[in-house]
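Visitor: 3D, please:
(3 chains)
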Amino acid sequence: MTDLWDGISRAIWMVLSLDANLLEITLRSLQVTLTALVVASAIALPLAAFLSVRRFRLRRSVIALLNALMGLPPVVVGLVVYILLSRSGPLGVLGLLFTPTAMVIAQVIIIVPLIASIAHQSLRDLWAEYHDLLISMNVSQWQKITTLLWDARRALLTAALAGFGRAIGEVGAIMIVGGNIDNATRVLTTAIALETGKGDFALALGLGFVLIALAVLVNLAIHWLGRTEREGRW
Amino acid sequence: MSDMFPLTVTGAETRRRGKILVGPVDLTLAGQGSCVVIGPNGAGKTSLLRLLHGAARLSTGEITWACDVEQAHHDQSFVFQRPVMLRRSVEDNLMYPLRIRKVPKAEARDLAHHWAEKVGLRDMLKRHAPVLSGGEQQKLALARALITQPKLVFLDEPCAALDGRATREIEEILNAVRATGTRLIMTTHNMGQARRLADEVVFMRQGRVHEHASAETFFDAPASEQAQAFLNGDIVE
Amino acid sequence: MKRLMAMMSAIVLATAAQAGDVMKLAVTTSFHNSGLSDVLLPEIQKDLGLEVQLLVVGTGQALKLGQAGDVDAILVHSRKAEDKFLAEGFGTHRREIMYNDFVFIGPDSDPAQISEADSAVAALQKIEAAKAPFVSRGDDSGTHKKELGLWSAADLDAGEFDGWYRAVGAGMGAALNTASGMNAYIISDRASWLNFGNKGDLALLYAGDPVLFNQYAYLPVNPDLHSHVKSDLVADLESWLVSDKAKSLIDTYKINGETLFTFNAK
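Guide: Model prediction:
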């Protein structure tokens, strides 16, 4: 129990004193995860829309696969990305292992199925609603996709936030592909694992509270920023 | 005035899982006025409209326009019994079909305002379309279907769920549209409405066109027993 | 929504481009846990303008990283494995830098009485005889290899132990946490032990046998196998590590007043 209080006071103290180290790893956490989120959304959302509007033979299988991949174990993703990016691996020449880019790649793989699956559910419903109208208007495939994405943007924001939540708290994969290098690839979650390993529970817990606060803040910020054209809505 | 007509339908059928939804239909429509499709429930009125519009797949037979099919589809629009509202503002709903057709934004907005005025939605331009009342939604759907200046508009029971006042407003708009030479093909259950709006009548029964005549002829002296019975309000299958 | 997109892209694009010399060095957890790297790295940065990025892993993985060319050099402490690494041509040479020692940690009450043992081997035999709970790293690290070597020197086979022997498959810190939770015996490097923050009822019970000395060596990765390896920087770092400055920093590094490492580079 004392560890818990120590953790809380440690967190408060680190935040108040604007600890340079903390600031750095927090910003890196944000940067890696937001980059992964943008890339993953750019892949997952159009994919989800495409799966909603286009009937093709393997469509159901692809959707089932995406649903299944939502539960992809991050450690395995990390391991596979590691092997691919290692100097002795097929993509070794890129020299990406143990860089933030490698962490972004791993996170993208982990959250694309999640975002695509959640997005597909709402886009599918919206498509059922819009189907007759858009077909009647002779709307092109691409226009269907952009219309759905735009009109479902609130639901898609929720999908993206779910992806963010999974990515920001992820440790298994990014520990493996990032290497937890101080000043280079250390982020909040890997720092927590490290401090726990050193038996410094208070510091680990302090970092944990910062991580939670960060996740909450980003969620609030994205919700707030996403509330455009709110005037005259209802 | 239209170069789309005459529209010729020969032996057209739509089947789904082996069951015939509509057809075989043989029908020729010339280029004038409004055509009202009537008939008992399940006669295939909606299916016929969808078939002509190209929204339902033609299983057998042929549908021929006087121009090429692409052009014909470009020049027509469809109003559904239950209006489909895009989850956007009234203004954006009106601009949507224009923006799809690459009409510049400013021009599209001007047209949207013009049509909102025409159907009495001027004050609601910024409202979120899905929260409008049923009558307002149908007026919006109608304006959205008309904004691209189609030569032909299909209307599937456009007033089915509306009260008297909304129905009258819609009919006024339709009469105005008809006066400009736009061809209307609509279904209705409301015989009063059919009499008020029809220039010609297509009477359907059991998936086929049972009778096709000018409104005057049909309402004064229907050719078939069944049409007579239907007009009398008897139960016809 | 547009504002949101703009902000997101701003964050994404703000990837700070890193300039200057950078090399990657795989080190063992025990070295990192000692805190010595926090003293050495800033000095290296200052003297050589070289940013050394540490990959903190077990000896097994460190060697693997060197073999694959994912790091430029390694700093480990497992002689047998190092010799094999060199024999297979993955490294250019081996340079001894310093040593520290392993210590026996266990519950303060010392049920196996190992504090009275006259050698490391005898201590292990006492633990086995008492079937006292013992935590093993079980992760193929240098420390783990050392522990297994000691068991076999004591004529015991760790593979045949039952319930009281727990291989946790984790780093030094995590293993110490486990030992602390179970009140078990464990072999740790002195540095990790001194820096460990969750000691609980654990205490240092036995140390000092010369077989417990733990030699750290620096092995550059073979540039013939991996042309991207930064051999110049690796050589710079090596000369710095064996310099007088490094010697004084290493020899004077203390935790709680205790010296941890002895510089012995030649």
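Visitor: going forward, measure contacts between C-alpha atoms and count neighbours the same way
Guide: Will do.
Visitor: can you tell me how far the closest residue to chain B within the stretch 151-266 of chain C sits from residue C:23?
Guide: Distances between the stretch 151-266 of chain C and chain B by C-alpha to the nearest C-alpha are smallest at residue C:228, namely 52.4 Å. Using C-alpha to C-alpha, to the nearest Å, residue C:228 is found at 11 Å from residue C:23.
Visitor: Then residue B:132?
Guide: According to C-alpha to C-alpha, residue B:132 and residue C:23 sit 64 Å apart.
Visitor: What of residue C:158?
Guide: Between residue C:158 and residue C:23 the computed distance is 38 Å (C-alpha to C-alpha).
Visitor: hmm, stretch C:21-39 in reach of chain A?
Guide: Yes: with C-alpha under 8 Å from any C-alpha of the partner chain as the criterion, chain A is reached by stretch C:21-39 at residue C:33.
Visitor: buried residues in that stretch?
Guide: C:22-37 (16 or more other C-alpha atoms under 10 Å in any protein chain shown).
Visitor: now do stretch A:203-222
Guide: Buried residues in stretch A:203-222 (16+ other C-alpha under 10 Å): A:203-211, A:214-215, A:218-219, A:222.
Visitor: Would you mind pulling the contact partners of it?
Guide: By C-alpha atoms under 8 Å, 6 or more residues apart in numbering or on different chains, the list of residues contacting stretch A:203-222 from outside reads A:3-4, A:6-12, A:14-15, A:26, A:161, A:165, A:168-169, A:188-189, A:191-196, C:4.
Visitor: again, only this time at 6 Å
Guide: A:7-8, A:10-11, A:192, A:195-196 (C-alpha atoms under 6 Å, 6 or more residues apart in numbering or on different chains).
Visitor: if we can go back for a sec, number of residues surrounding the residue of the stretch 151-266 of chain C closest to chain B?
Guide: 15 (other C-alpha atoms under 10 Å in any protein chain shown).
Visitor: Could you report the pLDDT at it?
Guide: Note for residue C:228: predicted pLDDT of 89.
Visitor: Residue C:53 too?
Guide: Confidence score, pLDDT, at residue C:53: 93.
Visitor: Surely it is in contact with residue C:24?
Guide: Yes: using C-alpha atoms under 6 Å, residue C:53 makes contact with residue C:24 at a distance of 4.7 Å.
Visitor: Now residue 124. Nearest residue, chain neighbours left out?
Guide: In the absence of a named chain, this looks at chain A. Excluding the flanking residues, the one nearest residue A:124 by C-alpha to C-alpha, 6 or more residues apart in numbering or on different chains is residue A:52, at 5.1 Å.
Visitor: think we crossed wires, I meant chain B
Guide: Excluding the flanking residues, the one nearest residue B:124 by C-alpha to C-alpha, 6+ apart is residue B:90, at 6.7 Å.
Visitor: That neighbour: what's it in contact with?
Guide: B:125-127, B:129.
Visitor: What distance do you get for it to chain A?
Guide: Distance, residue B:90 to chain A, by C-alpha to the nearest C-alpha, to the nearest Å: 11 Å.
Visitor: returning to that earlier point: quick check, nearest of the contacts of residue B:90 to chain C?
Guide: residue B:126 (17.6 Å).
Visitor: next one: phi and psi at the residue sitting furthest away from the middle of chain A?
Guide: Going by C-alpha atoms, centre = their mean, the residue of chain A most distant from its centre is residue A:136, 36.9 Å out. Main-chain dihedrals, residue A:136, degrees, to the nearest 10: phi -60, psi -30.
Visitor: what stretches of chain A score poorly on pLDDT?
Guide: Applying pLDDT under 70 to chain A flags the ranges A:1, A:226-234.
Visitor: can you give me the helices for chain A?
Guide: Ranges of helices within chain A are A:2-16, A:20-53, A:59-69, A:74-85, A:100-136, A:141-151, A:153-168, A:172-178, A:188-197, A:201-226, based on DSSP state H.
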